[in-house]
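Colleague: I would like to see how this sequence folds:
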Amino acid sequence: MAQTKRKRQTKHRGNAAGVVESRGRTGRKPTAAEKSGKGKDAARAKGKPVDKRDLPPTWRGAFVKGMFAGVALLLVVIIVLHQANQAIGLFPVLIAFYTVVSYYTDKWMYDRRQRKQRQGGGKAAPR
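Modeller: Below you'll find the model as predicted:
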């Protein structure tokens, strides 16, 4: 009788509890920097979540905030005052105004936080 083609079976990995344990490093040899621990510190630092308040403001973020504020105001004017034509006409002006105000407000808050961190030795004031 002809032999059937069977796929090669891999080892059954796992223990009695069903936990699969990793086999360790199987790739290339680690470099000297990776062995010394400096690479591990850098990897840990990359994995840390960054506080958004420590990032400088962007015009894109300000535009998104301006869009939300503009759409909210547009809906309020249309629903409450029933003046859709005037509200739609003012919409681009409101978006531009809210974008500029939002950017400079974020920039002021960012600069203030950075100043406090420099004065306080790297720690921000608790909320």
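
Colleague: By residue count, what's the longest helix in this structure?
Modeller: For the chain, the longest helix by residue count, based on DSSP state H, is helix 84-119.

Colleague: how about it: buried residues?
Modeller: Neighbour counts over helix 84-119 (16 or more other Cβ atoms under 10 Å) mark 87, 90, 94, 95, 98, 99, 102, 103, 106 as buried. In this view, the C-beta of every residue, glycine as well, is placed from N, C-alpha and C.

Colleague: Helix or strand next in line after the worst-scoring helix or strand of the chain on mean pLDDT, which one?
Modeller: The helix or strand of the chain with the poorest confidence is helix 38-47; it has a mean of 62 (mean pLDDT, DSSP states H and E). Later in the chain than helix 38-47, the nearest helix or strand by DSSP states H and E is helix 59-76.

Colleague: And the contacts of that next one?
Modeller: With Cβ atoms under 8 Å, 6 or more residues apart in numbering as the test, helix 59-76 has contacts from 87-88, 91, 94-103, 106.

Colleague: at 7 Å what do you get?
Modeller: Helix 59-76 is contacted by residues 87, 91, 94, 95, 98, 99, 102, 103, 106 when judged by Cβ atoms under 7 Å, 6 or more residues apart in numbering.

Colleague: of those residues, closest to residue 28?
Modeller: Distance to residue 28 across these (Cβ to Cβ) is lowest for residue 106, with 43.9 Å.

Colleague: Please list all residues in contact with the closest residue to the closest one other than its chain neighbours.
Modeller: Leaving aside its chain neighbours, residue 106 sits nearest to residue 57 (3.5 Å; criterion: Cβ to Cβ, 6 or more residues apart in numbering). Contacts for residue 57 (Cβ under 7 Å, 6+ apart) come out as 103, 106, 107, 110.

Colleague: Can you pull out the low-pLDDT segments for this structure?
Modeller: Residues of the chain meeting the criterion pLDDT under 70: 1, 8-14, 21-25, 37-46, 121-127.

Colleague: 90 instead?
Modeller: Along the chain, the model assigns pLDDT under 90 to residues 1-55, 73-91, 117-127.
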